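[1] Generate a structure from the sequence data that follows.
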Amino acid sequence: MALFGRKDTQKEAMLAAKRDFEAAADPDAPGSIRRIRSRVALRAKALLDKTFVEGAQRTERHEQAVVLAINAGKPQPEAPKARAFGTVPAFDHEVMAYLPQDFADRAFDLGRRYQRVEIDGPTAIAYMQAIADELCGVLQVDPPFEAVRFLRDEFPETDDEAGDEEQETESPN
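    Numbers count the residues shown, from 1 in each chain. All right, here's what the predicted structure looks like:
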């Protein structure tokens, strides 16, 4: 058995992902950080989208588990929560990515709300883009990346202003 197992490697990857994010988000970082910033932004975009999808998928599984628990007279399982870390594809392998918990929570919640049909596709797209814009601001990435491309493909008539009217009357959280 190896002295350092998979958990140690995963923990090191998580620490490195968070350290890279913090370096990229540092407004006083030198110009040489641009390469890291670009890599971190691509990973953050992938994790933001993945977190939205996980919010929807894990909500669906949780709701099914709640029904089974109620029918069996057992206590209801705890609601799923967003994760600040996750693996994302990078060329021919996966890498660890980090999102500050606030961003992860909001993306996860939007996925949950979309799954429950509390918001429609264009509204989810608009809210996710607002989160992506904010994240790009933190990472000093201009222009901002496009969030939830997969969802935009399902709603081709949606443009960047589709959810503006609803955003004025309904908050994303």
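
[2] Can you show me the helices along this protein?
    Counting by DSSP state H, one finds helices in the chain at the ranges 6-25, 34-72, 101-115, 121-139, 149-154, 164-169.

[3] could you list every residue that touches residue 110?
    52, 55, 119, 124, 127-128, 131, 172 (Cβ atoms under 8 Å, 6 or more residues apart in numbering). All C-beta atoms are positioned from the backbone trio N, CA, C, and that covers glycine.

[4] rerun that using 10 Å as the cut-off
    If a contact means Cβ atoms under 10 Å, 6 or more residues apart in numbering, then residue 110 has 51-52, 55-56, 118-119, 123-125, 127-128, 130-131, 147-148, 172-173 as its contacts.

[5] re the thing from before, name the stretch among the helices of the chain that sits most buried.
    Comparing the helices of the chain by mean neighbour count (mean count of other Cβ atoms under 10 Å), helix 101-115 ranks first with a mean of 22.

[6] Give me the angle between that one and helix 34-72.
    For helix 101-115 against helix 34-72, the angle between stretch directions is 50 degrees (axes from the mean of the first three to the mean of the last three Cα atoms, to 10 degrees).

[7] how much does helix 101-115 deviate in direction from helix 121-139?
    Our comparison of helix 101-115 with helix 121-139, counting by the same axes, to 10 degrees, yields an angle of 170 degrees.

[8] low pLDDT regions in the protein?
    The model of the chain has pLDDT under 70 over residues 1-6, 158-173.

[9] give me that answer again for 80
    Residues of the chain that meet the criterion pLDDT under 80 lie in 1-8, 31-32, 157-173.

[10] Quick one: residues contacting the residue positioned nearest the centre of it.
    With the centre of the chain defined as its mean C-alpha position, the nearest residue by Cα atoms, centre = their mean is residue 48, 2.4 Å away. Each residue near residue 48 by Cβ under 10 Å, 6+ apart is listed here: 86, 88, 97, 99, 103-104, 106-108, 128, 131-132, 135, 145, 147-148.
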